[in-house]
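K.L.:
below are the sequence and a predicted model for it; my questions follow.
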Amino acid sequence: MVINEKENELNMTLSAPLVKKLDLQSETQHLFYVRESTPLLCAIPWLTDARLYGVPVIDERMRVTGTITHDEVLQVMSIMDDDPKRFLQKLRTEEVVTPPLVFNIYDELKRVITEFVERKKLVGVVVNASGFPITTITLCDVVKSLIDCEPLRSLLADVNAISASMRVKKVPMELSVKDVISILTSNGSSAIELDDTHFCVTRVSLVNGLLSSFKLYQFLNHPHQFLNSSVLNDKDVLLPAHRISEKSSILDVGYYLRRVGEEQIVKLNDIHYIGVQSLCFAIGSILLEVSA
């Protein structure tokens, strides 16, 4: 009987619309976006400087046609030629976008979570009733809005964090940035750890660290210096691996990452780590399973 009451309570929570749960009362939310014809060179700082997980790409009628994320930027970096400035200026955002994940402000939370989990997307775009984009949203935004609510809080407190972890891929710290890009784009890893250090590199930290407005000029003028040097030459790329008990629950990890920052990495032991993306996908899957 108690279980049924908790399930009913959870289903009621997940049936709430985005506009209510995420406080999207205003249809003038601040939105970063780029046009389809925008050179990728001009689009990258919108992604890195604002610390966004994705930037919407729109057409001339303000319809969302795709999103630019750190993954797309890394794929481009992996095939860049010897003149990165010319390459990035020539390449238009419409040539590298991924299909958009679009939500209406009145979509139920369960539908939003389902779309994120099943399509393995990192970022979506919220539109109003007229289809006009008003803000971006991530699965992390949804999870943060729910993690303090019962019965989810109690449910996550009983789930060991290992279930949401990924195996650490360790690499020599002498690797070049070009090698790191190749690893992160070829085998699906979201993070790697440098041997004999307590530092990790993620797709997000690599792009943000090398291609923010402050670093972009240096990268464009000295691409080989960046791509052939050790990743340890750029401290902004490196994230310290925070060690917590492998007996921690998913809830413990969620609260820990909320305190130290979403971009950080948590290690449970020598072979398992958790980042905010893997954590949120795990929580999303739990929500869908329990509320089925």
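P.N.:
Here it is on my side, so go on.

K.L.:
show me what the lengthiest helix in the chain is packed against.
P.N.:
Secondary structure of the chain per DSSP state H: the longest helix is helix 276-290. Helix 276-290 makes packing contacts with helix 2-14, helix 109-119, helix 139-146, helix 152-157, helix 250-260 when contacts are defined by 3 or more Cβ pairs under 8 Å, 6 or more residues apart in numbering; DSSP states H and E. From N, CA and C alone the C-beta is placed, and that goes for glycine too.

K.L.:
by how many degrees do the second one and helix 276-290 diverge?
P.N.:
Here helix 109-119 runs at 120 degrees with respect to helix 276-290, directions being taken by axes from the mean of the first three to the mean of the last three Cα atoms, to 10 degrees.

K.L.:
ok and helix 109-119 relative to helix 139-146, angle-wise?
P.N.:
Put simply, helix 109-119 runs at 150 degrees to helix 139-146, going by the same axes, to 10 degrees.

K.L.:
quick one: buried residues of helix 109-119?
P.N.:
Of the residues in helix 109-119, those scored as buried under the neighbour-count criterion (16 or more other Cβ atoms under 10 Å) are 109-110, 112-117.

K.L.:
with distance to Asp196 and mean pLDDT added, can I get the helices and strands packed on helix 276-290 in TSV?
P.N.:
Rendered in TSV, the data for the helices and strands packed on helix 276-290 read as follows (distance: least, Cβ to Cβ, whole Å; pLDDT from 0 to 100):
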stretch	distance to Asp196	mean pLDDT
helix 2-14	45	71
helix 109-119	36	95
helix 139-146	31	90
helix 152-157	34	90
helix 250-260	23	94
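
K.L.:
looking at those helices, which is buried most?
P.N.:
Using mean count of other Cβ atoms under 10 Å, the stretch among these with the greatest mean number of neighbours is helix 139-146 (a mean of 21).

K.L.:
just the terminal-to-terminal distance for stretch 47-55.
P.N.:
Using Cα to Cα, to the nearest Å, the span of stretch 47-55 from its first residue to its last is 6 Å.

K.L.:
by contact count, what packs against the helix or strand Cys200 falls within?
P.N.:
Assessed by DSSP states H and E, Cys200 sits inside strand 199-202. Using 3+ Cβ pairs under 8 Å, 6+ apart, the elements in contact with strand 199-202 are helix 177-186, strand 191-194, strand 239-243.

K.L.:
among those, show me which one is buried the most.
P.N.:
strand 191-194 (a mean of 22).

K.L.:
that one: how far from the chain's middle?
P.N.:
With Cα atoms, centre = their mean, to the nearest Å as the basis, the distance from the averaged C-alpha position of strand 191-194 to the chain average is 17 Å.

K.L.:
including distance to Val204, could the helices and strands packed on helix 276-290 go into TSV?
P.N.:
Compiled in TSV, the helices and strands packed on helix 276-290 are given as follows (distance: least, Cβ to Cβ, whole Å):
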stretch	distance to Val204
helix 2-14	28
helix 109-119	17
helix 139-146	12
helix 152-157	24
helix 250-260	13
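
K.L.:
thinking again about what came up before, quick one: contacts of the longest helix of the chain?
P.N.:
Residues outside helix 276-290 that contact it (Cβ atoms under 8 Å, 6 or more residues apart in numbering) are 7, 10, 14, 110, 113-114, 116-117, 120, 122, 138-140, 142-143, 146-147, 152, 155-156, 159, 163-166, 190, 250, 253-254, 257, 262-264.

K.L.:
who's in contact with Ile181?
P.N.:
74, 77-78, 206, 227.
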